[in-house]
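> sequence first, then the predicted structure, then my questions.
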Amino acid sequence: MAQTAVYRALAALSGFDTWEMEKYARAPSQEVRVWDARGPDRGELHSTCSTIPNEVDPWTMPENALRPELSLKFPGSLQPSDLPDMAVSAPPAGVLGMGPDPNWIDNFTTCIFKQDYDTAREVLRSAIARGASTHLAEQYAKVLEEFLTKRDEVENPVVLARFDECVVRETSSGQGRGLYVPSYQTWGAQLWKERPLAYIQSPGSRKCVQVCCACLLPVGSLASQLKYINLEPPPGSEKIPLSTYPDEVCPDGFCPGQVITCDGNDCSEVFCSESCRSWALSESSHAILCKGRLGPKSWSALQSLELLAIETDSEHLLLLAHHVACMTLARRSGQSFEAVKHRFASQFASAPWDSLAGADDSDTPEERRRCMSCAIPLLETIFEAEDLASGFLDSELLSNILGTFELVNMCISLPHPLNSRADVADYLTEELAEALSKMQEPLQSDSESEQETEHASSPLASARQGQLFENVIGTALCEALAFTNHSCLPNCRIEFATASQPEAKGPGLWMYSVTRRPLVPGDEVLMAYVPSVVGQPLQVRQRKMQKFGFTCHCRTCETDRVLESEPVPVDTSSGYPQP
Ligand SMILES: [Zn+2]
Ligand SMILES: [Zn+2]
Ligand SMILES: [Zn+2]
């Protein structure tokens, strides 16, 4: 019975690329482990694990499974967490136990000459998965890349945009656009890196943690953070700086605990460094929205917009002001109205904001139109002194930008530096820790982790375990990311870097994409919109994606659905499937 299920799982999976297969078949040691996609209990997807003798190649398993001499051992139940995260590092060469097919280069070349580039790509991918040398991988990836380039010269597909190693094109199915790599990318390669077009710390997070206005890094000390939320700092807490760096390796211009004020007339924003401050005051939305630069009427309109965003639980309304500010700055730098409108609005997927209503009963198109009718006059007042902004304050354009935010924005989540300091607990009393925890409660419901981590018995205990402080939360519209499609088995992950981190290319907040496995020329770059779906059974993934407002039809989900819906075949007396 179980063998049949393994066989069927592998047969159904044969449409997968080899790295996707690798989720189901993996060899951490001498043995090949095969995820039984059905399991003894239907619906318990991926939760059991089978062992196959190491001479069996999981990719030829469907044929081999018909050999009566093959024996399968079942070591009992394993959880996905029992296996190391493949995303962290490349497996040692040949970890899959068999080395590349000796004929792979011939097969690859044959495919190339037949112009069957999709198969050539899978032959190459399989060889890399089985430990072909990096040198060979790069050499043959180059061949594939050159042939794909030649094909493109003939077919002339439209490249809609370029982001570092990636291009945006229509997807091969013709439904929508996707991000593709023209050339080979190894493990952990960076595909693109950019500052989001516009981003803000969420209003709820802003109440709990004081961050650099430019890069969103929490600043100051335990004492200054407690004061920020109107709690009395205990003695000595000013000696606990917020820094992820030991003092001696702190990069130039960054100093643990340092808080740089804006100095704009009464502006209460702060910065982590002088470089973040000067960048923010010249190139970020703060260059326009600083209290010291807005007139009193405009400033109070911005305050009202923030309140509206909080009351209606629509932080995107506040982001809209920052977005319009960034568009205005782009106009000031000499870009044409049309160019700015394209880059900040019309290039993205969109729909009128009111047409996307329906997350819950109170979220109706009428309610959204009411919000818009409150927000637009506020935006007009905020930007009343900015002639260059007036063209962007059109209600249809603003509604479409809000629609874009809703469809493609990424949630920012940055770790709180105080969680890495166990001695924080020595300075906190039970009451203080309790107050901090209470304050942050609204943020906990926002996080998508669904309480997967076990919570400590008391707030003070969670401070000791480095869990008291919630992540800094925000929302960002990032260009390359907006074109990246979803997969429950993603081949890249998204990272953030604040100004002082080595990955940042300058002041402000940076986002970048890192490969989770090698990509061969022509591959589509895919990310998990909800990172916690990775490695979860179908039902859990569907539930999480549904909460995100999305029914997932990625290849992993479609295959799992097929496996679930087909009846288990009748077992034979021998225990082996019939041909
Ligand atoms: Zn900063
Ligand atoms: Zn300011
Ligand atoms: Zn999926």
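Received, thanks. Ligands and ions are numbered 1, 2, ... in the order given.
> and the residue of the stretch 301-450 of the chain found nearest ligand 2, how many neighbours?
The nearest approach of the stretch 301-450 of the chain to ligand 2 comes at residue 302, 11.8 Å away (C-beta to the ion). Where you see a C-beta, it was placed from the backbone N, CA and C, and this is true even at glycine. Neighbourhood size, residue 302 [other C-beta atoms under 10 Å]: 22.
> what about the residue nearest to it when sequence neighbours are not counted, how many residues nearby?
In space, residue 302 comes closest to residue 382 once its chain neighbours are excluded; the distance is 5.2 Å by C-beta to C-beta, 6 or more residues apart in numbering. If you count neighbours by other C-beta under 10 Å, residue 382 ends up with 28.
> touching, residue 382 and residue 303? I think so.
No. With contact taken as C-beta atoms under 8 Å, residue 382 and residue 303 are classed as non-touching, separated by 9.9 Å.
> tell me the confidence at the residue nearest to residue 385 when sequence neighbours are not counted?
Nearest residue to residue 385, sequence neighbours excluded (C-beta to C-beta, 6+ apart): residue 295, at 6.3 Å. Turning to residue 295, the model gives it a pLDDT of 92.
> start the count at 650, not 1, going forward
Yes, from this point I'll number from 650; that puts the last item at residue 944.
> report the separation between the residue nearest to residue 909 when sequence neighbours are not counted and ligand 2.
Using C-beta to C-beta, 6+ apart and skipping residues adjacent in sequence, the residue nearest residue 909 is residue 920, 4.3 Å away. Distance, residue 920 to ligand 2, using C-beta to the ion, to the nearest Å: 9 Å.
> try residue 787
Plainly put, residue 787 is 48 Å away from ligand 2 if you go by C-beta to the ion.
> contacting residues for the closest residue to that residue other than its chain neighbours?
In this structure, residue 787 finds its nearest non-sequential neighbour in residue 833, 5.7 Å apart by C-beta to C-beta, 6+ apart. Taking C-beta atoms under 8 Å, 6 or more residues apart in numbering, we find residue 833 in contact with 786-787, 790-791, 794, 1167-1170.
> cool, residue 832 as well?
Going by C-beta under 8 Å, 6+ apart, residue 832 touches 790-791, 794, 814, 1170.
> 6 Å instead, please
794, 1170 (C-beta atoms under 6 Å, 6 or more residues apart in numbering).
> what does the pLDDT read for it?
93.
> does it lie in a helix or a strand, and which?
Secondary structure from DSSP states H and E places residue 832 outside every helix and strand.
> how far away is it from ligand 2?
Using C-beta to the ion, residue 832 is found at 43 Å from ligand 2.
> torsion angles phi and psi at that residue?
phi -130, psi 170 (degrees, to the nearest 10).
> get me the contact residues on the protein for ligand 2.
Residues of the chain lying close to ligand 2 by C-beta under 5 Å from the ion are 911, 913, 916, 918, 939.
> ok, of those residues, which come out buried?
In the residues of the chain next to ligand 2, burial by neighbour count holds for 911, 916, 918, 939, counting by 16 or more other C-beta atoms under 10 Å.
> looking at the residues you listed, which one is closest to residue 1071?
Nearest to residue 1071 among those, counting by C-beta to C-beta, is residue 918 at 30.5 Å.
> tell me who's in contact with the residue most central in space within the chain.
With distances taken as C-alpha atoms, centre = their mean, residue 1143 lies nearest the centre of the chain, 4.2 Å away. By C-beta under 6 Å, 6+ apart, residue 1143 lies in contact with 1162, 1176.
> beta-bridge partners for it, please?
residue 1162 (DSSP bridges).
> report the contact partners of residue 810.
Counting by C-beta under 6 Å, 6+ apart, residue 810 touches residue 817.
> can you give me the strands in the stretch 700-849 of the chain?
Secondary structure of the stretch 700-849 of the chain by DSSP state E, counting those that start in this stretch: the strands cover 810-812, 815-819, 826-829, 839-843, 847-850.
> ok, which of these comes nearest ligand 3?
Ligand 3 lies closest to strand 826-829 among those, at 15.3 Å (C-beta to the ion).
> chain center to the closest one: distance?
Between the centre of strand 826-829 and the centre of its chain there are 16 Å (C-alpha atoms, centre = their mean, to the nearest Å).
> residues touching it, excluding its own?
By C-beta under 6 Å, 6+ apart, strand 826-829 touches 815-820, 1132-1134, 1173-1174.
> change it to 10 Å
Strand 826-829 is contacted by residues 797, 806-810, 812, 814-821, 840-841, 996-998, 1129-1134, 1141, 1162, 1168, 1170-1176 when judged by C-beta atoms under 10 Å, 6 or more residues apart in numbering.
> now stretch 881-890
Identification of contacts with stretch 881-890 by C-beta under 10 Å, 6+ apart yields 868-876, 896, 904-908, 1066-1067, 1070, 1072-1073, 1075-1078, 1080-1081, 1084.
> among those, which are located in helices?
Those of the contacts of stretch 881-890 mapping onto helices are 871-876, 1073, 1075-1076, 1080-1081, 1084, per DSSP state H.
> give me the below-cutoff pLDDT ranges for the stretch 1100-1228 of the chain.
For the stretch 1100-1228 of the chain, residues meeting the criterion pLDDT under 70 lie at 1100-1105, 1184, 1212-1228.
> residue of it nearest ligand 1, please.
residue 1148 (4.1 Å).
> is the nearest residue to that residue once chain neighbours are set aside in a helix, a strand, or coil?
In space, and not counting its chain neighbours, residue 1148 is closest to residue 864: 4.1 Å by C-beta to C-beta, 6+ apart. Of the three states, residue 864 takes coil according to DSSP: H, G, I helix; E, B strand; the rest coil.
> for the residue of the stretch 1100-1228 of the chain closest to ligand 1, what are its contacts?
The contact partners of residue 1148, taken as C-beta under 10 Å, 6+ apart, are 861, 863-866, 900, 902-903, 920-922, 924-925, 928, 1154-1159.
> give me the number of residues near the closest residue to residue 837 other than its chain neighbours?
Distance criterion C-beta to C-beta, 6+ apart; nearest residue to residue 837, sequence neighbours excluded, is residue 1163 at 5.8 Å. Around residue 1163 there are 17 other residues, counting by other C-beta under 10 Å.
> do I have it right that residue 1163 meets residue 836?
Yes. Using C-beta atoms under 10 Å, residue 1163 is in contact with residue 836, at 9.2 Å.
> ok, the helix or strand where residue 1145 lies near ligand 1 or not?
Here residue 1145 sits within strand 1141-1146, counting by DSSP H and E. No. Using C-beta under 5 Å from the ion, strand 1141-1146 never reaches ligand 1; the gap is at least 10.9 Å.
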